[in-house]
Every structure is written in structure tokens, then in C-alpha cells.
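> Sequence plus the predicted model coming up.
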Amino acid sequence: MNTAATTTRRAARPAAALAVIAVAVGLLAGCGNAAGSAVKGEITLYSGQHEQTTQSLVTAFEQKTGIEVNVRYNDEDSFADEILAERAHPLADVFYTENSPVLEYLQGLGMLAPVDASTLAHTPAKYNSPQGDWVGVSARVSVLIYNPSLISKAQLPTSVLQLADARYRGKLAFAAGETDFQPIVTSVARTYGQAKAYQWLEGIKANAGQHIYPDNETITDEVNRGAVAFGVINQYYWYRLRAEIGASNVHSRITYFAARDPGYVLDVSGAAILKSSKNNADAQKFLAFLVSKQGQEIIAHSTSFEYPLDDGVRTAAPETPFSQLRPNPVTIAELGDGSLAIALLRKAGLL
């Protein structure tokens, strides 16, 4: 998701002066779930994830438990700012994000509640909060999208550092304001150091020129229609495009950086409970549902085309199997709260 309109978290992340939006809270009376039992409660969910998939998860959860979920959708960085602004009068119970850094940011401020151990056990530990304060739900992986009529696969870079080579001037597209791009920047900085990462950002900024786009959807569309040769996105954008416009209208392809290259990054989507939640028990049930077999199957068959993190669940799309991905082994802890990437992007004039 795009974060171009969000500046507060990027500027050392003080609390944003955002308007507090009232959310009606109360128990539903006289309603039953699919099994006929009474409504047990109600939670408020702030979701930075894809709306259609989130709604499918919410509907199934409500039918299963009778707990009503009030959902709001926005960019995850905007929600982080809003959660800070609402500290005196908290509204959200659960925060569901596309990427881990924003969760680590709130965790660092002491704003997240511990997740039940039984829920954390459903996801491999390396994809969960190092502190146990959020649970990994699904994953995406960075890829190169390219238009074969403009550049051949053999001409593409195999290393993320090669994106800064002058031979790609005018051919590269990326979305500096995407939260999806921050983990790549952090991965480069952790591998090669901040000075090298800054030099690299300067190089790709020059190469992209007018092809620095607001989001990955734009990159995907522009490469597919031949406006630019190639770009950096997460894999699911390409699969979503194909599902939306039909395979015969897809003129682009995707490929990966070399195995374990710093540009080959696995992004983890996660969910957390706010420490301020007065509905912790019901919120814990929602997190448990997200990582349950039923929840993971919904993700696997959704149009978000993300990878479920349950080892026994396979995506319905013809994607590279999750077990065959070979991303850079950068850890959740090393990706951190995104502040390193944000500082470098700001220094390079990209935010």
C-alpha cells in the first residue's frame, strides 16, 4: 500500500494530530451465529490489508463465533498514526497489516498485547513477533515485473544492486512511498551498510526518473502496457492483474532476483491486539481464527494471492510454491520497525 500521504511516522514518528473517528461500540442483542448461539461480543478491526480478503475472513469469523467485527480500511502507516492519536480514547482492538515493520513500531512503543501462545504456535516462529506481541498471517515476496517487448529476461538484473547501473536508466520503475518497498531498503542496508544503501537509492532514483510511481498497482499496469520496461513489486500484484484482466491481456512477466539476494525479500503480514483493547478475549479469538486452517484456506483461495503461512495450506494460484522460494534470510527483527529504511529514503529525497 502507498504511504505518500503519511509523513508523521517517517519523521521520527511522533503522535499524529489526526481526527479521532467515532466507532460505535456495543453488544448486539438477539442475534445468533450459524449454530444459533447468541452473539458473544464485538471488536473493532483496523485493516491495512486487502479489503476483499479481509471481508471474507471477517464474515467467516462472525459466522463461526457470533462475534461482530467492525472493520475500517486504510493504509497501514496512516492507521499507525491514528492509533497514536487515539491513545487517550482508543478505538481499535485489532490491527491487521500488510507488513511487519509497522507492527514492530507499535510494539516498540509498548502498545501491543501479548498474543496467546496457542495462536503463535500455528505460525513458524521466524514469521512471528520476536516479542510474541503479533502473529504472522500470510506472506508476499518481491519480484521483478518486466515487459518482454521492451527488455528480455536475460537483460534483467540478477542482483538488487544492479538496479542502480546506468544501463537501466529510463527503464526502471519503483514505488518509493510503498510500505512494501521499505523491507527491500532495509535488507540492502543490513547487507551492505547504510552508506552503500544510500548510494544505491541515489542510483535507482536517477534510473527511474519519471517512473517513480505512487504504488505497486501503477507499476504493474505501466509495465504491462509497455510504458516502462521493468519494475520492482510484490508477486501478488501481477497475479491480481491477470485475474482482473485475463491472461490474454497480460503482456508482462515476473521473475526473481538471484537466490538470497538482498532484493529478494519475503514480507510478512501480521495481526496484533492493542494493549488498550477492552475486548481482549474476543480479539484473541480473531487472531486465532486468522491462523487457523479455515482462515488460512480463505487466504489461499482469495484474490489477494498471498501465501498462507500454514505449512499444510497451498495457494490456489499457479504461483511458485512457498517452499521453493529462496529469499534473503533477513529476519523480522532485522527488518525492524522500518525507521532505517524511512531515514534513508528521506535522505535520498524519495519521501
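Sure, I can see it.
> The lengthiest strand in the chain: partners in the sheet, and parallel or antiparallel?
Longest strand of the chain, by residue count under DSSP state E: strand 135-146. In the sheet, strand 135-146 lines up against strand 230-234 (antiparallel), strand 253-255 (antiparallel), strand 266-274 (antiparallel), strand 307-308 (antiparallel) (DSSP bridges).
> Between those, which one is closest to Leu340.
strand 266-274 (15.7 Å; C-beta to C-beta). Yep, even glycine has a C-beta here, placed from its N, CA and C like the rest.
> follow-up on the earlier one: average the pLDDT values over the longest strand of the chain and round to the nearest integer.
For strand 135-146, the per-residue pLDDT values average out at 97.
> follow-up on the earlier one: looking at the strands paired with strand 135-146, which is buried most?
Among the strands paired with strand 135-146, ranked by average contacts under mean count of other C-beta atoms under 10 Å, first place goes to strand 230-234 (a mean of 28).
> Just the strands from this structure, written as ranges.
41-47, 67-73, 94-96, 112-113, 135-146, 172-173, 230-234, 253-255, 266-274, 307-308.
> measure Gln182 to Gly338 for me?
5 Å (C-beta to C-beta, to the nearest Å).
> what's around the residue nearest to Asp337 when sequence neighbours are not counted, how many residues?
Spatial nearest neighbour of Asp337, excluding adjacent residues (C-beta to C-beta, 6 or more residues apart in numbering): Tyr105 at 3.9 Å. Residues near Tyr105, counting by other C-beta atoms under 10 Å, number 20.
> Just the pLDDT for Tyr105.
Taking Tyr105 on its own, its pLDDT is 95.
> next one: Asn328
96.
> now the one 5 residues further on
At Ala333 the predicted local distance difference test score is 93.
> Not counting sequence-adjacent ones, nearest residue to it?
Nearest one to Ala333, counting by C-beta to C-beta, 6+ apart, is Pro130 at 4.8 Å.
> Show me where the chain dips below the pLDDT cut-off.
Within the chain, the segments meeting pLDDT under 70 span 1-39.
> how about the helices in it?
Per DSSP state H, the chain carries helices over the ranges 51-65, 76-85, 100-108, 117-120, 182-192, 194-208, 216-225, 235-245, 280-290, 293-300, 332-335, 339-347.
> what's the closest of the ones you listed to Ser323?
Closest of these to Ser323 is helix 293-300, at 14.0 Å (criterion: C-beta to C-beta).
> Just the buried residues of the closest one, please?
295-300 (16 or more other C-beta atoms under 10 Å).
> Hey, what's the angle from it to helix 280-290? Just curious.
Here helix 293-300 runs at an angle of 60 degrees relative to helix 280-290 (axes from the mean of the first three to the mean of the last three C-alpha atoms, to 10 degrees).
> ok, residues contacting helix 293-300?
Residues from elsewhere that reach helix 293-300 (C-beta atoms under 8 Å, 6 or more residues apart in numbering): 53, 56-57, 60-61, 64, 137-138, 289, 306, 308-310, 312-316.
> how distant is stretch 119-130 from the center of its chain?
16 Å (C-alpha atoms, centre = their mean, to the nearest Å).
> and the residue nearest to Ala333, how far is that from Leu335?
Distance from Pro130 to Leu335, by C-beta to C-beta: 10 Å.
> Compare neighbour counts for the two and give me the winner.
Each of Pro130 and Leu335 has its neighbours counted (other C-beta under 10 Å); Leu335 has more, 24 against 15.
> pretty sure that one contacts Ile184?
No - using C-beta atoms under 8 Å as the test, Leu335 is too far from Ile184 to be in contact (10.0 Å).
> Now do the contacts for the nearest residue to Gly110 once chain neighbours are set aside.
Leaving aside its sequence neighbours, Gly110 sits nearest to Lys275 (C-beta to C-beta, 6+ apart; 7.1 Å). By C-beta under 8 Å, 6+ apart, Lys275 lies in contact with 110-113.
> Got phi/psi on Lys275?
Torsion angles at Lys275 (phi, psi; degrees, to the nearest 10) stand at phi -60, psi -30.
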